[in-house]
Each structure stands twice: as structure tokens, then as C-alpha cells.
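[1] Output the structure for:
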Amino acid sequence: MTDCVVIQDSQRPPPTGAQIIAFGLVGQSRRGLLRQILRYRRAECWVYRPESLVKPLITAWLLRLLSRRTPRIVSDDGHVQRVHTLYLLAVTARYLRDRLAAPGLIRRIRAEVRAFEASADRPPPRLDLSCSPVYLRTDLAFGLRSGGSVGHTAGVLNHLDAFCPTPLFLTPDTLPTVRDDLPTHLILPTARFSDMGELRLLAFSDQVGAQGRAALDQRRIAFIYQRYSLNNIGGARLARHYGVPLVLEYNGSQIWALKHWQGGRLRYPDLAEATEWLTLRAAALITVVSQPLKDQLVARGIAPEKILVNPNGVNIDQYRPDLAGSAVRARYGLHGCRVIGFIGTFGAWHGAEVLAQAFGRLMQAHPAYRDQARLLMIGDGLKMAAVRKHLDHYGVADLTALTGIVPQEQGAEHLAAADILASPHVPNPDGTPFFGSPTKLFEYMAMGRGIVASDLDQIGEILEHDRTAWLVRPGDPDDLAAGLKVLLDDPARSARLGAAAREQAVAKFTWRDHTARILDALKAVMSHQGTVAVGE
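    Residues are numbered from 1 along each chain as shown. So this is what the prediction gives:
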């Protein structure tokens with residue numbers, strides 16, 4: 001029996017022999033854990049940094065109940081908080097204080113939304129491209145090592161100074177592949193409302209405004225570029241304070257995503273809707289990655305002329321055909337095989353579980369492939385349990401390499417180990433158009449490998465069947481298996497498709513081109529409003 005339990009919200013490897021509980025499962029596992037009162041000699045919670053700890057009240061009391069000794073909260077930067085009696089009393093008092101303050105916060109935000117609507121006749125912001133832009137990231141995700149949001153953020157941020165002065169990056173956390181020479185200011189959440197989910201995000205919105213102004217000081221800035229996040233109006237506040245345009249990157253409603261992809265619900269849905277609407281209305285330009293997103297916004301009353309449809313992109317110098325994947329092949333025993341690759345965060349829309357089914361059925365129908373083909377799945381996330389279930393069901397777990405999360409910097413090297421790349425995205429569960437623009441799609445194209453992809457909205461518009469990819473029916477594991485078989489059996493066809501896809505990625509989908517379209521659209525919108533754009 002182990003004498004140590006770790007509630008883990010960190011990327012650090014766990015200690016040998018400890019029972020590990022994923023932080024996201026604490027709420028679901030609470031009753032089972034309470035049956036283990038005082039079972040462990042030692043209990044710890046591992047977090048990325050002190051400010052990233054959410055629900056400290058529940059976490060602290062649970063740790064205290066599980067452990068016979070004083071438990072600890074340990075962050076990756078070396079900070080240690082002993083969960084002693086005074087700390088328990090402090091987090092309990094803070095929670096009660098936040099409960100009392102919550103109605104006031106909600107009333108104030110609602111009043112601010114109404115006030116914004118009532119002041120629509122303010123003079124338009126002024127664009128001056130001789131000043132530095134500000135990239136504002138407001139989602140409270142810490143310790144991200146890879147994923148589409150990382151690629152998109154770095155892609156835009158790293159190329160803004162090709163068209164204007166060096167940008168400033170305001171963010172709760174640093175991100176991999178963002179250039180080291182870009183000035184970065186951390187905006188960290190305080191402990192206010194940290195036990196109260198949605199209200200924590202609203203409180204952080206306040207901190208974005210206050211800490212953002214302190215970081216920018218007396219600087220003259222060109223515009224604020226904000227990546228939309230739930231319950232955060234910090235970008236709208238800063239843009240209004242400085243009298244500059246707000247450019248909003250809108251990748252879809254997080255209210256919708258929470259309901260349909262994560263199975264969650266909001267306690268204050270009207271407040272989330274109101275803050276989302278305020279941010280959309282405040283933006284001088286809204287950049288979306290697909291036509292369905294523009295259609296959604298227009299249907300909600302947003303003027304179409306201020307919406308730019310701008311698909312995702314790729315760093316063609318990082319993702320390229322000549323990369324050697326031999327080290328990755330050696331690590332996972334893939335030499336001498338035709339490798340089918342997939343990379344992603346295993347989200348509800350990625351179709352990773354469909355790929356696992358397809359690979360299993362392919363091996364089942366054609367046993368000879370067992371000596372010739374392997375599946376390489378790079379990443380981890382929500383659908384990993386379903387993926388493992390299908391791999392076990394079809395008896396192909398031994399033919400599959402599951403790498404877990406790899407750093408963004410190593411993504412291209414891992415893709416280079418594959419001969420065929422799969423993009424098995426699935427339709428939206430409520431029947432609405434698929435509004436995504438998968439970054440993996442453009443990375444696959446730039447790698448110059450044969451692609452088998454779902455013929456799903458933008459994916460099927462960018463890729464052309466049997467010219468730049470082999471397209472299959474979305475969500476259909478049998479059709480996906482048939483598509484994989486086509487490219488496994490015909491390496492020459494796979495190479496031809498890959499070369500054509502690479503050519504298209506270079507011509508149309510670099511991050512530099514993506515960023516240029518944003519600046520061009522912003523100048524056009526501001527000129528239409530009668531605001532003089534200078535410094536071009």
C-alpha cells in the first residue's frame with residue numbers, strides 16, 4: 001500500500017509509488033477520496049505555479065483529510081505551502097469573504113456592460129502603426145507545452161513586427177515557440193474568487209485592466225490584439241482606455257464549447273453571454289478562422305464588414321519535408337514500417353478515437369499489415385481513454401506508439417517519423433457546421449506527407465481529393481480505414497499528394513501571410529471609419 005498521494009496539476013513526473021489523482025478529477029472523485037481519510041502518511045498537491053491553483057479551499061481540506069502529516073502544495077518554481085491549521089483557516093475565511101463579495105462583482109460587471117452599450121457614440125479609436133501593438137492573452141491555462149492555441153499565438157505574435165514595431169506580449173504565462181526577444185509581461189491572477197470558477201475569470205478581467213495599464217505605463221500603442229476567452233473584457237477595457245482599436249481573435253464561443261464538448265454548464269450563463277457580446281461589439285476587427293464562425297457572428301448582429309475570415313497557418317521553416325524522423329522512429333521501434341501519424345490534444349472534435357477504430361479495423365481486415373504498418377499518436381487529452389479502449393478491443397495496442405504530450409518544439413520531428421498523416425476530425429455534436437481550422441492540417445501540409453483527412457467544412461475546402469489529400473467521410477472509421485489503405489498500398493500516390501499539399505501551404509498558409517491579412521483588414525476597417533492610419 002502506497003503511503004503517498006499526489007493531486008497533480010503539473011507536468012513534473014510523479015514520485016515512484018505514489019497514488020496520482022489528476023487535478024481535474026478531484027471534484028468527481030471527492031466521495032471516494034473521503035473514504036480514505038488519514039490513509040496516507042503524506043499528501044501533496046503539485047501545481048504549475050502558486051497563482052495557477054484553483055479551488056484552494058476544497059484542495060486544502062481534502063489534502064488535510066487524506067494525510068496523517070501536514071500536507072503541502074508544491075509548485076514547479078519551488079514554492080512550498082504547508083497546509084497547516086492557519087492556512088486552512090485563511091482559505092476558509094477568504095472563501096466566505098468572496099461569497100459575500102460575489103453579488104457586488106456581478107452587479108458591477110452587468111452595469112459595465114449596460115454602460116458600454118449606452119456609450120456607442122464615443123469617437124472611433126485611432127490607429128497609429130508607428131507604435132507597438134499589444135498581444136493580450138487572457139485564458140488562464142498554465143504550463144501549456146503544445147497545441148493549436150500555442151501554434152496560433154506564436155504564429156501571429158512572432159510575425160507582427162514584420163508590419164509594425166515590436167509587439168508587447170501580456171500573458172498569464174509564457175508559451176513555447178514565442179520568440180525570446182519579444183518583451184513579455186506576466187499578468188497573474190490573484191487569489192480573489194479562486195474557489196468560484198466563473199467569478200475567478202471575471203475577477204481576472206479586472207486584474208488584466210489594472211496590471212495591463214501598469215505594464216504599458218505611458219507607452220503609445222497601435223492596437224490591442226486579444227485572443228477571446230470566457231468572461232474576460234480586459235481587452236475592451238484597455239482598448240477604450242488608450243483610445244486604440246481592439247482586434248479580437250475569435251475561435252468560437254467558449255460557452256458553446258463548454259456545453260457541447262466538455263459536458264459542463266455555467267452558473268451565470270447570462271453574464272458569460274453579456275461579456276462575450278461586449279467584447280464582440282467593442283472590437284474594431286474580429287478575425288475568425290472559418291466561414292461558419294463569420295456566419296454565426298453575422299446572425300447574432302455583428303457587421304460582416306468588420307469580420308475577417310483567416311484560416312490558420314504554419315511555420316514552413318519548422319515544418320518541412322526534409323526533417324529526419326529517424327530518432328523518433330528508433331525510440332518507438334518504428335523502423336522498417338509504414339507509419340500513420342496523428343498529433344493533437346485529443347479533443348472532442350479531433351476524432352482520435354475514430355482513428356484508433358479505423359486502424360484496428362484495418363488490421364483486422366488485412367492481417368498482413370500487422371508486419372508492415374504502425375500507428376503513431378502524438379499527444380494526450382480528453383479522448384485518450386476512448387483511444388486506449390479501441391486499441392485494446394481490436395488487439396492493436398502493441399502496433400501503436402502513444403507518445404503522450406510532446407513539447408511544441410518537437411512536434412515537427414515527431415511528424416517526420418510518419419509516412420502518412422491522419423486528420424480524422426468529426427462533425428459538431430449538435431449538427432451545426434464544423435467551425436474549426438485545425439492547425440495540424442497546415443502542419444501536415446507543410447510536412448509534405450500524404451494526408452488522409454475528413455471531408456468536413458474548411459478541411460474539405462482547403463484540401464482537394466486525390467490532389468492534395470485523400471478525403472473520407474467524417475466520423476466513419478470504415479471509410480477512414482479504406483483511405484489509409486489507399487496510401488499504405490500506393491507510396492507514390494502518397495508522395496504526390498504530400499508534395500502538392502506542401503506547395504499549397506507555402507503559397508497560401510504561412511503565419512506571415514496570416515498576420516499580413518490581419519493588418520491589411522485592420523487598416524481597411526479603420527480607413528472606412530474615417531480614422532487616419534499613420535505609420536504605414
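[2] Every contact and neighbour count from this point should use C-alpha atoms.
    Will do.
[3] What segments of the stretch 1-150 of the chain are helices?
    For the stretch 1-150 of the chain, applying DSSP state H, counting those that start in this stretch gives helices covering 26-34, 56-66, 85-118, 148-157.
[4] Show me what the longest one is packed up against.
    Spelled out, that is helix 85-118. helix 56-66, helix 269-282 (3 or more CA pairs under 8 Å, 6 or more residues apart in numbering; DSSP states H and E).
[5] Now tell me what touches the longest one from outside.
    The contact list for helix 269-282, computed with CA atoms under 8 Å, 6 or more residues apart in numbering, reads 106, 110, 113, 116-117, 230-233, 235-236, 246, 248, 255, 286, 302.
[6] immediately after it, which helix or strand?
    Sequence order places strand 285-288 as the next helix or strand after helix 269-282, per DSSP states H and E.
[7] how about the helix or strand that that following strand is followed by: buried residues?
    Downstream of strand 285-288, the first helix or strand assigned by DSSP H and E is helix 291-299. With burial defined by 16 or more other CA atoms under 10 Å, the residues of helix 291-299 counted as buried are Gln291, Pro292, Leu293, Lys294, Gln296, Leu297.
[8] which one of these sits closest to Arg496?
    Gln291 (28.9 Å; CA to CA).
[9] mind listing what that closest one touches?
    Val309, Phe435, Gln458.
[10] Could you do Trp61 as well?
    Contacts of Trp61 (CA under 8 Å, 6+ apart): Leu88.
[11] Please apply the same query to Ser52.
    So Ser52 contacts Leu140, Phe142, Pro189 (CA under 8 Å, 6+ apart).
[12] let's see it at 10 Å
    Going by CA atoms under 10 Å, 6 or more residues apart in numbering, Ser52 touches 9-10, 75, 140-143, 172-173, 188-191, 194.
[13] Tell me where the model's unsure across the protein.
    For the chain, the stretches flagged by pLDDT under 70 are 1-2, 5, 8, 10-18, 20-38, 120-121, 262-263, 530-536.
[14] Quick check, central residue of it?
    Ser149 (3.8 Å; CA atoms, centre = their mean).
[15] Is that residue in contact with Lys440, as I believe?
    No. At 11.0 Å, Ser149 does not count as touching Lys440 under the criterion of CA atoms under 10 Å.
[16] Leu484 reaches Tyr369, doesn't it?
    No. The criterion here is CA under 10 Å, and Leu484 misses it with Tyr369 at 11.5 Å.
[17] Pretty sure Leu463 sits against Leu471.
    Yes. Using CA under 10 Å, Leu463 makes contact with Leu471 at a distance of 7.9 Å.
[18] can you list residues touching both of those two?
    With CA under 10 Å, 6+ apart, Leu463 and Leu471 have common neighbours Ile451, Val452, Ala453, Ser454, Asp455.
[19] Next, the angle from the helix or strand where Phe442 lies to helix 148-157.
    For Phe442, the element it lies in under DSSP H and E is helix 439-447. Orientation check (axes from the mean of the first three to the mean of the last three CA atoms, to 10 degrees): helix 439-447 against helix 148-157 gives 60 degrees.
[20] which helices and strands sit right next to whichever helix or strand comes after helix 439-447?
    Once the chain leaves helix 439-447, the next helix or strand it forms, by DSSP H and E, is strand 450-454. Counting contacts by 3 or more CA pairs under 10 Å, 6 or more residues apart in numbering; DSSP states H and E, strand 450-454 packs against strand 338-344, strand 420-423, helix 439-447, helix 458-462, strand 470-472, helix 477-489, helix 491-508.
[21] redo that, cut-off 6 Å
    strand 420-423, strand 470-472, helix 491-508 (3 or more CA pairs under 6 Å, 6 or more residues apart in numbering; DSSP states H and E).
[22] Tell me which of the ones you listed is the most buried.
    strand 420-423 (a mean of 28; mean count of other CA atoms under 10 Å).
[23] And the contacts of the one helix or strand His390 maps to?
    Assigned by DSSP H and E, His390 belongs to helix 384-393. Identification of contacts with helix 384-393 by CA atoms under 6 Å, 6 or more residues apart in numbering yields Glu353, Ala356, Gln357, Ala397.
[24] Name the nearest of those relative to Thr177.
    Nearest to Thr177 among the contacts of helix 384-393 is Glu353, at 28.4 Å by CA to CA.
[25] how many neighbours does the closest one have?
    Applying other CA atoms under 10 Å, we find 25 residues neighbouring Glu353.
[26] Next: the one 3 residues further on.
    Burial of Ala356 is recorded as 29 neighbouring residues (other CA under 10 Å).
[27] I'd like the distance between it and Leu63.
    According to CA to CA, to the nearest Å, Ala356 stands 37 Å off from Leu63.
[28] try Thr92
    14 Å.
[29] Those two: which is more packed in?
    For Thr92 versus Leu63, the count of surrounding residues by other CA under 10 Å is larger for Leu63: 27 against 17.
[30] In contact with the more buried one, which residues?
    Ala43.
[31] For the contacts of helix 269-282, which two are the farthest from each other?
    Ile106 and Ile286 (26.3 Å).
[32] okay, those two: which has more neighbours?
    A count of neighbours by other CA under 10 Å puts Ile286 above the other of Ile106 and Ile286, at 31 against 16.
[33] Go ahead and confirm that one touches Val309.
    No. Applying CA atoms under 6 Å as the test, Ile286 and Val309 come out as separate, 8.7 Å apart.
[34] how about Asp322, secondary structure?
    Secondary structure, DSSP: H, G, I helix; E, B strand; the rest coil: Asp322 is coil.
[35] Roughly how far does it sit from Ala417?
    11 Å.
[36] what do you get for Val525?
    Distance, Val525 to Ala417, by CA to CA: 44 Å.
[37] Compare these two (neighbour count), which wins?
    Using other CA under 10 Å, the more surrounded residue of Val525 and Ala417 is Ala417, with 24 against 17.
[38] thinking the more buried one is in contact with Gly325, fair?
    Yes. With contact defined as CA under 6 Å, Ala417 reaches Gly325; the gap is 4.0 Å.
[39] got the buried residues for stretch 188-200?
    Quick answer for stretch 188-200 (16+ other CA under 10 Å): Leu188, Pro189, Ala191, Arg192, Phe193, Ser194, Asp195, Met196, Glu198, Leu199, Arg200.
[40] From the residues you listed, which land in strands?
    Among the buried residues of stretch 188-200, none falls in strands (DSSP state E).
[41] so Gly498 sits right up against Gly448, yeah?
    Yes. Counting by CA under 6 Å, Gly498 touches Gly448, with 4.1 Å between them.
[42] Of the contacts of helix 269-282, just the buried ones, ChimeraX syntax please.
    Selecting only the buried entries of the contacts of helix 269-282 in ChimeraX, with 16+ other CA under 10 Å as the criterion:
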select :106,110,113,116,230,231,232,233,235,236,246,248,255,286,302
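[43] Return the member of the contacts of helix 269-282 nearest to Ala492.
    Of these, the one sitting nearest to Ala492 (CA to CA) turns out to be Ile286, at 42.1 Å.
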